[in-house]
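Chemist: here is the input, now give the coordinates:
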Amino acid sequence: MTFTFGVFFRMLHIVVLGINYKTAPVEVRERFSFSKSMLESGLLALKSKKSVEECCILSTCNRTEIYAVSKDIDDCVKDIKEFLCEFHHVPLEAFSSYLHVLTDRKAINHLFRVASSLDSMVVGEPQILGQVKEAYRVASSSGATGLILNRLFHTAFFVAKKVRTRTGIGTQAVSISYAAVELSKRIFGDLSNRTVMLVGTGDMAELAARHLVKAGIRDLIIASRTLDKAESLSRKLNGKSIKIEEIYYHLKGVDIVITATGSPDFIIRPAHVSEALRLRRNEPIFMIDIAVPRDIDPRIGEMENIYLYDIDDLKGVIEENLKIRREHAQMAEEIILRGEKYFQAWLEGLKVVPTIISLRKRLEEIKTFELERAFRKLGNLSEREKKVIESMASGIVGKILYSPVTNLKREASSSLGALYVDAVKRLFELEYTFGTEEKNETGSKDRK
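Modeler: As a prediction, the model looks like this:
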């Protein structure tokens, strides 16, 4: 690269601008969502802005954030706002108060926290890392990222993996549906030989069923007042559908019952369960009632061999789990801080690259100049002899370069970094090109 390489890195900034669940309500966030089909055209339009050197768009249900590299923060923020207005046809005054802007260290820290799910609505949820990876993949394949964002995002993935593997931030259930499944595992251990009955076909019931299927249950029975809905969900999850009136005939054959209907009255009563237990020879039944109002008569919980949890019981489990997650989040923050320092050191190290390139070029020019002069004086040398001398000269240059290059890299992110760079430039006179001198009458050299 030319000398502009050095100018570029001295002026480099990382900028994050966007809205998320903390700063904007859903009716605002949804207006700035980018579907998969919109991302590539959005990146192309954003990259065309004069101040934007590199960019990536992260769009999820909880956030739309733009990560950019720029030489001028103010121009970059202005251009991103303009892009959002143009692309989504929304006037600036309609969303400017909801925006958050982060730069440099704070921007780096923010991405690492997002990828590690510390900035998620549910701390520790696993989906966000996949969403960040997909956003980067699209940006990278579209040619919107470069040296800085490539390194930044890959470092974020590394940090997020460390957080996931070295802390327990994602091991505790923090959703009603997931908590229900985790409790099932506590009671039965292996679920591979268990039959589950799901009463209801709403979102929460479906999510619980999906978790159970993923956990490896043997059979799934789905009951609904509307048989069509039960059949539709059964096809998705490879289960069996029944009418809600048939649940009493199937209770004897199920190990886990999850109810989540909108019924105003109890659906399952003590008499139904007593008969089922008799036919099961008192083998336990685990019952989870996540409906409000409740679907299962609470008196059933007093029966022997029945484990009944309602939504308040699950909330207690979740709150305890959230407390554990928050403790693990402290460990995660330390990992993120180390990752941030690592990336910042790498970024600062780029500032010395132009000086290292100039220094190496300077010594190579001297080597070439002196080799040519030596070959002229030595006369007829064989190609082998020339190669031996060239190899020796290259070795000398390499050994001379080792210490200054090593020290420049080491001190790049310290308070002495700029001093080292300036000293090397002055000592090796890197502000002019070697070879632009001629001998004067006394034999010494003057620069032109």
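Chemist: three-state assignment of Ala208?
Modeler: Secondary structure for Ala208, judged by DSSP: H, G, I helix; E, B strand; the rest coil, is helix.
Chemist: tell me the pLDDT of it.
Modeler: Ala208 carries a pLDDT value of 82.
Chemist: measure it to Asp295 for me?
Modeler: 13 Å (C-beta to C-beta, to the nearest Å). All C-beta atoms are positioned from the backbone trio N, CA, C, and that covers glycine.
Chemist: and Ala24, by the same measure?
Modeler: 36 Å.
Chemist: what's the answer for Arg63, then?
Modeler: 35 Å.
Chemist: who has more neighbours out of Ala208 and Asp295?
Modeler: Neighbour tally, Ala208 and Asp295, criterion other C-beta atoms under 10 Å: the higher count belongs to Ala208, 28 against 24.
Chemist: ramachandran angles for the nearest residue to that one once chain neighbours are set aside?
Modeler: Nearest residue to Ala208, sequence neighbours excluded (C-beta to C-beta, 6 or more residues apart in numbering): Ser177, at 4.0 Å. Backbone torsions for Ser177, taken as degrees, to the nearest 10, come to phi -70, psi -40.
Chemist: show me where the stretch 201-350 of the chain dips below the pLDDT cut-off.
Modeler: Residues of the stretch 201-350 of the chain meeting the criterion pLDDT under 70: none.
Chemist: where do the helices sit along it?
Modeler: 203-215, 227-237, 247-250, 270-279, 311-349 (DSSP state H, counting those that start in this stretch).
Chemist: for the ones you listed, which one ends up most surrounded?
Modeler: helix 203-215 (a mean of 19; mean count of other C-beta atoms under 10 Å).
Chemist: what's next to it, contact-wise?
Modeler: Contact with helix 203-215 is made by 175-178, 180-181, 184-185, 191, 196, 198-199, 220, 222, 233, 237-239, 256, 258-261, 288, 290, as judged by C-beta atoms under 8 Å, 6 or more residues apart in numbering.
Chemist: can you turn the buried part of those into a PyMOL selection?
Modeler: To isolate the buried members of the contacts of helix 203-215 in PyMOL, using 16 or more other C-beta atoms under 10 Å:
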select buried, resi 175+176+177+178+180+181+184+191+196+198+199+220+222+233+239+256+258+259+260+261+288+290
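Chemist: and Ile356, how many neighbours?
Modeler: 18.
Chemist: and it, what helix or strand is that in?
Modeler: helix 353-378 (DSSP states H and E).
Chemist: how far does that helix sit from the chain's center?
Modeler: 46 Å (C-alpha atoms, centre = their mean, to the nearest Å).
Chemist: can you pull the buried residues of that helix?
Modeler: Val353, Pro354, Thr355, Ile356, Ile357, Ser358, Leu359, Arg362, Leu363, Ile366, Lys367, Leu371.
Chemist: okay, the residue most central in space within the chain and Val132: tell me how far apart.
Modeler: Nearest to the mean C-alpha position of the chain, counting by C-alpha atoms, centre = their mean, stands Ala115 at 2.4 Å. Ala115 sits 5 Å away from Val132, taking C-beta to C-beta as the criterion.
Chemist: shared neighbours, the two?
Modeler: By C-beta under 8 Å, 6+ apart, the residues touching both Ala115 and Val132 are Ala156, Phe157, Ala160.
Chemist: what is the nearest of those residues to Glu333?
Modeler: Nearest to Glu333 among those is Ala160, at 13.0 Å by C-beta to C-beta.
Chemist: just checking, the closest one touches Phe112?
Modeler: Yes - contact status for Ala160 versus Phe112: in contact at 7.4 Å, counting by C-beta atoms under 8 Å.
Chemist: Arg63 and Phe32, how far apart?
Modeler: When Arg63 is compared with Phe32 (using C-beta to C-beta), they lie 10 Å apart.
Chemist: Gly18 belongs to a strand?
Modeler: Yes - assignment of Gly18 by three-state DSSP places it within a strand.
Chemist: run the angle between the one helix or strand Arg151 maps to and helix 311-349 for me.
Modeler: Secondary structure assignment for Arg151, by DSSP H and E: helix 147-166. In terms of direction (axes from the mean of the first three to the mean of the last three C-alpha atoms, to 10 degrees), helix 147-166 departs from helix 311-349 by 140 degrees.
Chemist: circling back: now do the shared contacts for Ala208 and Asp295.
Modeler: Common neighbours of Ala208 and Asp295 (C-beta under 8 Å, 6+ apart) are Ala260.
Chemist: no further questions, thank you.
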